[in-house]
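S.K.: structure for this input, please:
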Amino acid sequence: MADQQLFLRSKVIVEPLMDRFFAWPYTIAPVQSAMNLAFLQVPLLESYLQSPQVHVAASKNPDLRGGYFINIPQERADEVRDLLAAIKRDRAEILRFAEAIVAGQELLRANATGYDLTPLYPKLPPELGGLVELAYDTDNQAQMRFMEPIVYTSGVYQESRQSVQLSFETGIERPFVLSTPRLASPDVLELNLPFRHPGLEQLFKSRVRPTTLSRLAEELGLDGGQAGQLSGMLSEEPGLAKDRHIEEGGRVRYFGHACLVLQTPQAAIVTDPFISADSTAGDRYTLDDLPDFIDLVLITHGHQDHIVLETLLQLRGRVGAIVVPRSSRGNLADPSLALMLKHQGFPVIEVDDFDEVEFPGGRVTATPFLGEHCDLDIRAKSTYWAELAGKKVFIGADSSGIDPTLYRYVKQHLGTADMAFLGMECDGAPLTWLYQALLTIPVTKKMSNSRKLSGSNAEQAAAIMTELGATEAYIYAMGEEPWLGHVMATTYNEDTYQIKQIEEFLTWCKERGIKAGHLYGQQEWRW
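M.R.: A predicted model of the protein is given here:
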């Protein structure tokens with residue numbers, strides 16, 4: 001088998017990890033990763049070790065789904081204890097850096113009163129030296145600006161934290177990714193490699209182009225046991241769908257959540273790829289249905305369900321470029337998605353509002369994104385306008401219609417959309433659910449609950465459609481798909497507020513002759 005031409009099996013899943021926690025932008029980008037490690041993940045491990053049985057019970061309680069509880073059996077508590085000890089020992093520099101950020105913010109709050117900031121630089125913790133600039137905004141509010149490119153060259157960014165686990169999709173929901181670390185397991189292949197490692201690219205390209213076990217073992221530096229595990233994940237035949245390409249016209253396919261694949265015979269675009277590996281399910285498009293080459297991947301924003309490294313890693317080497325929105329450069333809540341992805345080995349194009357990116361036979365234009373980020377100063381977010389095969393498609397992701405006049409400007413600049421895809425998770429999680437580790441001043445529960453990760457409600461979605469003038473509207477599933485539960489941890493029924501709002505919007509569309517639908521599973525449009 002060592003020299004036989006083989007493909008990676010369809011049902012192999014990939015979990016990229018940082019210190020055994022699931023990797024997403026806020027655990028990879030070094031500044032935000034330090035804060036999450038120190039103020040979320042370490043305390044979470046400590047809490048588990050105090051009462052493992054409480055965490056396990058809470059993890060199994062449907063009413064607490066998506067809560068920060070570690071779903072690891074109590075008999076494995078010693079392994080969690082070892083993980084915590086290793087983090088405190090090996091990541092001491094990173095933990096000190098996080099503490100220094102808090103101390104630096106406290107220094108500014110106490111001493112930055114509108115006067116010259118120069119005397120404060122010597123008083124900053126030494127861990128911040130050369131990595132921050134102190135500045136006022138025009139209201140005399142002081143802040144630290146992080147010099148992100150330099151932080152990536154410092155000891156705060158450690159690729160030794162990165163690893164990848166390979167296993168088979170079982171159909172059983174994996175533990176929630178934001179809370180439960182992944183321990184070693186006999187049925188899991190551990191690859192202690194940085195995400196940018198060229199061997200990973202060769203491995204995942206073997207979904208579409210065959211290679212040999214011996215070459216993969218060499219590229220990945222596997223020992224005999226690891227090579228044996230990998231051999232069981234390879235197959236003589238590819239699982240690729242025969243209709244993954246088209247020969248004429250245009251096509252849009254819905255792959256679930258906020259993932260669309262837009263195709264012509266000449267090009268393919270994928271939005272927010274979050275794609276199932278379970279090719280036997282039959283109720284969804286999977287990795288097998290992707291075209292062999294993808295000209296552009298469009299990322300709308302940095303939340304864990306829109307920039308999914310689990311999927312992106314498997315596309316490296318098959319993508320012309322990943323298009324990401326430009327960040328604010330150094331804001332604690334707004335890491336650069338471009339820097340983060342470049343350091344994982346991806347080709348990246350960074351865009352601002354109304355920047356254009358051409359592809360064979362069409363173009364993509366970045367358009368503004370409002371809300372859904374708890375009113376934090378996060379600018380790395382973008383919707384997109386794609387023009388291909390004579391159609392104009394608005395890709396709205398989780399953007400909210402809180403100020404519909406904005407979309408009037410979009411229409412003035414780009415014309416009338418044929419199809420609009422909108423997000424209506426209109427009662428999202430509170431501020432602290434995703435951003436707690438970055439807040440250096442505690443906020444009240446009432447304040448946190450007032451600032452939610454919410455997209456459009458029915459009224460706001462209707463306002464967007466009124467301004468865009470689109471003749472078709474489609475609402476993304478909002479984590480309703482059970483195969484995405486390990487990331488979304490959401491539960492809906494017919495009486496849920498969000499579902500009621502979608503129904504109200506669909507009625508509004510029907511009354512006005514707008515073709516509309518609530519997406520789920522797989523759907524296809526051809527022209």
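
S.K.: got the contact list for A437?
M.R.: For A437, the residues meeting the contact criterion (C-beta atoms under 8 Å, 6 or more residues apart in numbering) are 26, 32, 35-36, 38-40. C-betas here are computed from N, CA, C, even on glycine.

S.K.: mark which of those are part of helices, please.
M.R.: When the contacts of A437 are checked against helices (DSSP state H), the matches are 26, 32, 35-36.

S.K.: turn those into TSV, columns for distance to A429, neighbour count and pLDDT.
M.R.: Output for the ones in helices among the contacts of A437, formatted as TSV (distance: C-beta to C-beta, whole Å; neighbours: other C-beta atoms under 10 Å; pLDDT from 0 to 100):
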residue	distance to A429	neighbour count	pLDDT
Y26	14	23	98
Q32	18	25	98
M35	18	28	98
N36	16	25	98
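
S.K.: quick check: the two most widely separated of the residues you listed?
M.R.: The two members of the ones in helices among the contacts of A437 with the most space between them (C-beta to C-beta) are Y26 and M35, at 8.2 Å.

S.K.: got any residues that touch both of the two?
M.R.: 437-438.

S.K.: and the closest residue to E79 other than its chain neighbours, how many neighbours?
M.R.: In space, and not counting its chain neighbours, E79 is closest to L183: 5.2 Å by C-beta to C-beta, 6 or more residues apart in numbering. By the criterion of other C-beta atoms under 10 Å, L183 has 14 neighbours.

S.K.: tell me the contacts of L183?
M.R.: Counting by C-beta under 8 Å, 6+ apart, L183 makes contact with 20, 72, 76, 79-80, 83.

S.K.: give me the distance between the closest residue to F195 other than its chain neighbours and E511.
M.R.: Nearest residue to F195, sequence neighbours excluded (C-beta to C-beta, 6+ apart): Q344, at 4.4 Å. For Q344, the distance to E511 under the criterion C-beta to C-beta, to the nearest Å works out to 47 Å.

S.K.: who has more neighbours out of these two?
M.R.: Q344 (22 against 8).

S.K.: my read is that that one contacts R196, right?
M.R.: Yes: look at Q344 against R196 with C-beta atoms under 8 Å: they come within range, at 5.2 Å.

S.K.: before we move on, back to that, and the contacts of L183, which is closest to Y384?
M.R.: Of all the contacts of L183, the one with the least separation from Y384 (C-beta to C-beta) is R20, at 34.0 Å.

S.K.: quick one: neighbours of the closest residue to the closest one other than its chain neighbours, just the number.
M.R.: Here the nearest residue to R20 in space, its sequence neighbours aside, is P181; by C-beta to C-beta, 6+ apart that works out to 4.1 Å. Using other C-beta under 10 Å, P181 is surrounded by 24 other residues.

S.K.: per-residue confidence for P181?
M.R.: What the model reports for P181 is a pLDDT of 98.

S.K.: so what's it up against?
M.R.: Applying C-beta under 8 Å, 6+ apart, one finds that P181 lies in contact with 17, 19-21, 41, 45, 70, 72, 80, 83.

S.K.: ok, now W483?
M.R.: 256, 276, 278, 281, 284.

S.K.: pLDDT check: weakest of those residues?
M.R.: Checked by pLDDT, those have A281 as the lowest-scoring entry (85).

S.K.: what's the burial count for that residue?
M.R.: Using other C-beta under 10 Å, A281 has 16 neighbouring residues.

S.K.: name the SS class of the closest residue to it other than its chain neighbours, please.
M.R.: Nearest residue to A281, sequence neighbours excluded (C-beta to C-beta, 6+ apart): W483, at 7.2 Å. Secondary structure state of W483, per DSSP: H, G, I helix; E, B strand; the rest coil, is helix.

S.K.: and what of L296?
M.R.: L296, by the three-state scheme (three-state DSSP), is strand.

S.K.: do you know how far it is from N449?
M.R.: Counting by C-beta to C-beta, the separation of L296 from N449 is 37 Å.

S.K.: of those two, who's got more company?
M.R.: Counting neighbours by other C-beta under 10 Å for L296 and for N449 shows that L296 has the greater number, 24 against 14.

S.K.: separation between F293 and P360?
M.R.: Here the criterion is C-beta to C-beta. By it, F293 lies 11 Å from P360.

S.K.: what's the answer for D243, then?
M.R.: 20 Å.

S.K.: and the nearest residue in space to S206 that is not next to it in sequence, what pLDDT?
M.R.: Ranked by C-beta to C-beta, 6+ apart and with sequence neighbours excluded, the top spatial neighbour of S206 is L8, at 4.6 Å. Note on L8: pLDDT of 97.

S.K.: for L8, what are its contacts?
M.R.: Taking C-beta under 8 Å, 6+ apart, we find L8 in contact with 203-204, 206-207, 233-235.

S.K.: I figured H486 was touching L178, is that so?
M.R.: No: applying C-beta under 8 Å, one finds H486 not in contact with L178, separated by 9.7 Å.

S.K.: which one's more surrounded, the two?
M.R.: Between H486 and L178, L178 has the larger neighbour count (other C-beta under 10 Å), namely 23 against 18.

S.K.: that one belongs to a helix?
M.R.: No: under three-state DSSP, L178 falls outside any helix and is assigned coil.

S.K.: any idea how far it lies from E387?
M.R.: When distance is defined by C-beta to C-beta, L178 is 36 Å away from E387.

S.K.: quick one: buried ones out of the contacts of L183?
M.R.: 20, 72, 80, 83 (16 or more other C-beta atoms under 10 Å).

S.K.: turn the contacts of L8 into JSON lines, columns for distance to V270, secondary structure and neighbour count.
M.R.: Rendered in JSON lines, the data for these read as follows (distance: C-beta to C-beta, whole Å; DSSP: H, G, I helix; E, B strand; the rest coil; neighbours: other C-beta atoms under 10 Å):
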{"residue": "L203", "distance to V270": "20", "secondary structure": "helix", "neighbour count": "28"}
{"residue": "F204", "distance to V270": "15", "secondary structure": "helix", "neighbour count": "20"}
{"residue": "S206", "distance to V270": "19", "secondary structure": "coil", "neighbour count": "23"}
{"residue": "R207", "distance to V270": "15", "secondary structure": "coil", "neighbour count": "23"}
{"residue": "M233", "distance to V270": "24", "secondary structure": "coil", "neighbour count": "20"}
{"residue": "L234", "distance to V270": "25", "secondary structure": "strand", "neighbour count": "21"}
{"residue": "S235", "distance to V270": "24", "secondary structure": "strand", "neighbour count": "16"}
